[in-house]
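# Predicted model and sequence below, questions to follow.
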Amino acid sequence: MKTLSIDFDGVIHSYTSGWQGASEINDPPVPGAIKWLAKMAEKYELCIFSTRSATTEGREAMRKAIARWVFESDLSDEKAAHLMGTLKFPKSKPSAWLTLDDRALTFTGVFPGEEQIESFRPWYKRENDLGQTTVGQRIYEALQGMPDGATIDELVGQVLPRMIGLSTAECVDVIISTLNRLVDAGYVQGAGGRYCAPGPKPVIWDDL
């Protein structure tokens with residue numbers, strides 16, 4: 001059976017709060033992550049390997065977080081038990097057929113230059129294949145065009161058509177979680193079920 005080495009933060013764990021410690025996992029999973037893991041577990045050996053893997057506490061925190069997300073998902077009891085029974089959390093880097101990581105470049109035989117390295121952004125901080133901006137910027141720009149503010153449903157209606165690669169439910173989850181981060185960062189204000197963006201446009205969107 002082939003082995004997949006899967007990074008945790010930014011791949012399985014949405015990691016929106018950033019690093020809080022090896023045993024601190026406070027954010028939800030990336031939309032679609034649990035269903036994908038369950039499907040891959042039918043054919044591959046799955047190893048969750050991360051910076052957290054260096055300590056027993058970190059490995060146990062990842063296992064507990066995934067277990068919670070699995071049993072909160074709509075997977076059948078059988079699939080949930082199979083996934084948790086087959087997932088591995090190695091201490092050292094596994095010998096894998098393929099690695100899935102949000103911060104990596106595929107080596108093609110040509111070494112990357114400094115510009116390529118410096119301009120690298122993980123998937124959640126870069127423009128997508130259509131040249132669209134980050135979800136945070138799309139939400140902010142949509143609210144800028146709504147001087148009276150918008151409800152979540154109205155905001156989803158504005159932003160959703162411009163998102164690709166996820167199901168509608170997954171897109172809505174991403175929009176809502178990103179909106180909450182915009183509010184926490186002070187870029188967006190919310191009151192009475194409506195949201196608005198009264199301030200100047202942020203210059204850097206790396207965390208949104």
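Ah, there it is.
# Run a quick neighbour tally on Glu42.
Glu42: 10 surrounding residues under other CB atoms under 10 Å. Every residue, glycine included, has its C-beta placed from N, CA and C.
# let me fix that: Gly85
8.
# where's it relative to Asp184, distance?
37 Å (CB to CB, to the nearest Å).
# Which residue of this protein lies farthest from its centroid?
For the chain, the largest distance from the centre (CA atoms, centre = their mean) belongs to Asp148, which lies 30.6 Å off.
# roughly how far apart are that one and Val156?
On the measure of CB to CB, Asp148 and Val156 end up 17 Å apart.
# before we move on, what about Lys39?
From Lys39 to Val156 the distance is 27 Å (CB to CB).
# now swap in Tyr44 and tell me
Tyr44 is 34 Å from Val156, by CB to CB.
# Tell me which of those two has more neighbours.
Between Tyr44 and Val156, counting by other CB under 10 Å, Val156 is the more crowded of the two (20 against 17).
# Now do the same contact list for the nearest residue to Ser73 once chain neighbours are set aside.
Among residues not flanking Ser73 along the chain, Ile34 sits closest, at 4.7 Å (CB to CB, 6 or more residues apart in numbering). For Ile34, the residues meeting the contact criterion (CB atoms under 8 Å, 6 or more residues apart in numbering) are Ile66, Trp69, Val70, Ser73, Leu75, Leu83.
# where does this protein dip in pLDDT?
For the chain, applying pLDDT under 70 flags the ranges 124-134, 162-167, 199-208.
# which stretches of it form strands?
Ranges of strands in the chain, per DSSP state E, are 3-6, 45-48, 98-100, 189-191, 194-196.
# other SSEs contacting the first one?
Think strand 3-6. strand 45-48, strand 98-100 (3 or more CB pairs under 8 Å, 6 or more residues apart in numbering; DSSP states H and E).
# which outside residues touch stretch 2-16?
By CB under 8 Å, 6+ apart, stretch 2-16 touches 19, 25, 27-30, 33, 37, 40, 43-52, 62, 65-66, 93-103, 122-124, 177, 181.
# Over to stretch 103-115?
With CB under 8 Å, 6+ apart as the criterion, stretch 103-115 contacts Asp7, Gly10, Gln116, Ile117, Phe120, Pro122.
# As JSON lines, the residues you listed with distance to Gly136 and neighbour count would be great.
Supplementary listing: those in JSON lines, determined by distance: CB to CB, whole Å; neighbours: other CB atoms under 10 Å:
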{"residue": "Asp7", "distance to Gly136": "22", "neighbour count": "20"}
{"residue": "Gly10", "distance to Gly136": "16", "neighbour count": "18"}
{"residue": "Gln116", "distance to Gly136": "24", "neighbour count": "11"}
{"residue": "Ile117", "distance to Gly136": "24", "neighbour count": "10"}
{"residue": "Phe120", "distance to Gly136": "19", "neighbour count": "13"}
{"residue": "Pro122", "distance to Gly136": "14", "neighbour count": "15"}
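# Walk me through the domains of the chain.
As assigned by automatic domain parsing, the chain contains the domains 3-100, 123-196.
# The ones you listed into CSV, with extra columns for distance to Val110?
What follows is these, written out as CSV (distance: least, CB to CB, whole Å):
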stretch, distance to Val110
domain 3-100, 19
domain 123-196, 21
